[in-house]
Every structure is written in C-alpha cells, then in structure tokens.
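[1] Make a model of this:
(chains A and B)
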Amino acid sequence: MGTLNREEPAPVRLTDARLPSDRVGRDEPEDWVAALAQPGAAQDVAMRRLHALMVRAAAHQVWRMRAALPDPSPHTVDELANQAADEAMTALLAKLHTFEGRSRFSTWAFKFAILQAATEVRRVQWQHREVELRDLEVEAPAHDGPDHAAEARDLAAALTRAMSTALTPHQRRVAIALLVDGVPIDVLAERLGTTRGALYKTVHDVRVRLRAALVVTGHLDDATPAGTPAGTAGTP
Amino acid sequence: MSTTAPRPDRTLTPAAVDALLQDTTPWLSCEDCFEQMDTYVEALVDDPSHHDPAMAAHLRGCPACAEEADSLLDLISDEPA
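    Model prediction:
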C-alpha cells in the first residue's frame, strides 16, 4: 500500500466483518457504463452491483470516522452508510458519462461514496454546534516558554500581525474558522451556502498572502516549509 | 452566526501556524483533486513512490480531501487485483 506523501497519522484499518470484500468485485460487468446506461435486465443487475460497491465504500468511510459521531453504534453507522451510498449513487449516475476508464470503475465509484459518507459524518458531527465567524481575535503564544521556542513564538507573532494587515476580513474569518478553530470545510461551506472548492480557494489565497508577507519581513525564506522560521530550515 | 459550542483556544498553536503557512502550490482545486483521486491512488498502489506535486500539495493543505484520498487508498489496497 502506498502513502499520500504527507505527514498524517496512520489510517484506521477497516476490520469490520460486516463488510466482506467478497460482496463485490466478482462478476462485475466488463463495461459498466454500457450496463448501467442501457435499460433491461442487465441494467438491473449492474445497478444492484453498483449499489453494493457504494454501500461498501460508504461503510468503510463511516467506520473510519465513527469516533466523530455522537452515536457511533453499529445501527447509526449502517444507517449513515446506506444513506450516503444512496446519495452517492445518484451523484455517480449523473456523472456516468464522464467515466473515461483511466482507473478501474470500482475505484472511480468508491470515491463518490467516500466523499458523500465523509461529508455526512462531518455534518452529523457538527449538527448541534453553531459555527462562529469572527474577525481577528487570535493571539500569539505568550512568551513564557523555553528559550528554544523563541523563534516559533516570534513567527507566530509575525503571523498574527500579517493576518491583520495582509488579509481581508472575509479571508481572516474563513482562515480562523478552518485553520485555527478546526471547523470542517464541508460544514463551513454548508453554513455559508458555498462549496468546499470555493473555501479552499480562499484558504489557498490566504496562505499565499501570509507566506509572502512573512518573506518580506524576513520570517520565512521563499522555500521555507510551513512553521519553520527563516534560517532554521533543515536544522536537526 | 454565533456559537454555544465551547470556545476554541484562539492562540496560534504550532499546528495552526503550520496550517496557515502551508505551501499549497502548485495550485489544485478540490474539484480537480476529486477528479484525479481515483487515478492518483491507483498509481500509488502500483508504485508507492509515485509523486504528483499538485496532488501532494493539495492533500497537505486540505484535510477533507486528504482523509478521503487516504480512505480510498486504504479501500482499494484491499481489493483483489
């Protein structure tokens, strides 16, 4: 199994015996698109097999994220997985004509179910929590730590200043909600009536502006990794 | 929008500094990430050293897409060849 070339905790492995991998993957249509698009008995069979794929992937995703659920019972997991699978199947069928065969059909299908299930878990996780959007109220850490953290504190203080000068109020609110307060991007998108993609674009622009501002002040080199003060990149 | 949820710590933690200063270039949108996710994870299964700079940058900067790509990789890694 490969990795995603980023520093993340090891993924939780799906070990739920209720989701046997042999439910799907055998006797799949050679041409999924044709089988799903042409009315008839073959279409019915293909739709059932596709639904099994979607349930499997959705259940996999909900199971991975079950710790975030207010009620992580097997019943809730199954209910969320089936609901997400149904919605993902609708989304997939609307995009069926875009499948170009660059990956296995099952891999292409799984991503729809995973996206829907993850979004649904995040929605449920936050359904009773309101999201606060406030302008700059973040503070740099107090100067009471060990000496070796002085550079990091200086960077955080410079970053706080840059947030107040280099960003628009909207950019600050979005950045604070997503990157400081940890509001999931799907949840914020739903509350603001926008999309994950639009918010990510805002965050990307925020990062570009903040990095540029800190390069100007000498706190970052152009190629400095995040969180590393200028002049210390590569220091053991 | 206001909140009754516990007030988050509004000091800039090291994790927040990292998140705010993450280098997410070259640019890739969430929509394009989703579009490419299936071929990307299959390439990783075939060759764990496969590297796509734009996808890698996006996944570093977008935890939601990263979780979903990680999950898809996990799922298809268990698939029969």
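
[2] use CA for all of it now, contacts and neighbours both
    Will do.

[3] Relative to B:Glu35, how far out is B:Glu68?
    Here the distance between B:Glu68 and B:Glu35 works out to 12 Å (CA to CA, to the nearest Å).

[4] So for these two, which residue has more residues nearby?
    The neighbour comparison of B:Glu68 against B:Glu35 (other CA atoms under 10 Å in any protein chain shown) goes to B:Glu68, with 24 against 14.

[5] can you pull the pLDDT of that one?
    B:Glu68 carries a pLDDT value of 98.

[6] How about the one 5 residues further on?
    As predicted, B:Leu73 sits at a pLDDT of 98.

[7] Do I have it right that it meets B:Val45?
    Yes: the criterion here is CA atoms under 8 Å, and B:Leu73 meets it with B:Val45 at 7.5 Å.

[8] Pick out whichever of these two has more residues nearby.
    More neighbours surround B:Leu73 than the other of B:Leu73 and B:Val45, with 26 against 18 (other CA under 10 Å).

[9] Just give me how far the lengthiest helix in chain B sits from the chain centre.
    Longest helix in chain B, counting residues (DSSP state H): helix B:30-46. Put simply, helix B:30-46 sits 11 Å off its chain's centre (CA atoms, centre = their mean, to the nearest Å).

[10] That helix and chain A in contact?
    Yes: applying CA under 8 Å from any CA of the partner chain, one finds helix B:30-46 in contact with chain A at B:30-31, B:34, B:37-39, B:42, B:44-45.

[11] Which stretches in chain A count as helices?
    So, for chain A - with DSSP H - the helices run A:32-37, A:41-64, A:74-94, A:105-125, A:150-166, A:169-175, A:185-192, A:196-216.

[12] Take the ones you listed and lay them out in TSV including mean pLDDT.
    Listed next are those as TSV, based on pLDDT from 0 to 100:
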stretch	mean pLDDT
helix A:32-37	94
helix A:41-64	96
helix A:74-94	97
helix A:105-125	98
helix A:150-166	91
helix A:169-175	95
helix A:185-192	97
helix A:196-216	98
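
[13] now the ones you listed in JSON lines, with mean neighbour count and distance to A:Asp222?
    JSON lines is the format used below for the helices of chain A (neighbours: other CA atoms under 10 Å in any protein chain shown; distance: least, CA to CA, whole Å):
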{"stretch": "helix A:32-37", "mean neighbour count": "18", "distance to A:Asp222": "47"}
{"stretch": "helix A:41-64", "mean neighbour count": "22", "distance to A:Asp222": "37"}
{"stretch": "helix A:74-94", "mean neighbour count": "19", "distance to A:Asp222": "41"}
{"stretch": "helix A:105-125", "mean neighbour count": "24", "distance to A:Asp222": "34"}
{"stretch": "helix A:150-166", "mean neighbour count": "19", "distance to A:Asp222": "15"}
{"stretch": "helix A:169-175", "mean neighbour count": "20", "distance to A:Asp222": "21"}
{"stretch": "helix A:185-192", "mean neighbour count": "18", "distance to A:Asp222": "27"}
{"stretch": "helix A:196-216", "mean neighbour count": "20", "distance to A:Asp222": "6"}
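
[14] now the ones you listed in CSV, with distance to B:Glu79?
    Converted to CSV, the helices of chain A look like this (distance: least, CA to CA, whole Å):
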stretch, distance to B:Glu79
helix A:32-37, 17
helix A:41-64, 11
helix A:74-94, 19
helix A:105-125, 9
helix A:150-166, 44
helix A:169-175, 38
helix A:185-192, 28
helix A:196-216, 29
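
[15] Quick one: the ones you listed as JSON lines, columns for distance to chain B too.
    Below are these laid out as JSON lines (distance: least, CA to the nearest CA, whole Å):
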{"stretch": "helix A:32-37", "distance to chain B": "16"}
{"stretch": "helix A:41-64", "distance to chain B": "7"}
{"stretch": "helix A:74-94", "distance to chain B": "12"}
{"stretch": "helix A:105-125", "distance to chain B": "5"}
{"stretch": "helix A:150-166", "distance to chain B": "6"}
{"stretch": "helix A:169-175", "distance to chain B": "7"}
{"stretch": "helix A:185-192", "distance to chain B": "7"}
{"stretch": "helix A:196-216", "distance to chain B": "5"}
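
[16] Show the contacting residues for A:Ala68.
    A:121-122, A:125 (CA atoms under 8 Å, 6 or more residues apart in numbering or on different chains).

[17] Out of the residues you listed, which is nearest to B:Arg60?
    Proximity of the contacts of A:Ala68 to B:Arg60 (CA to CA) peaks at A:Arg122, which lies at 19.1 Å.
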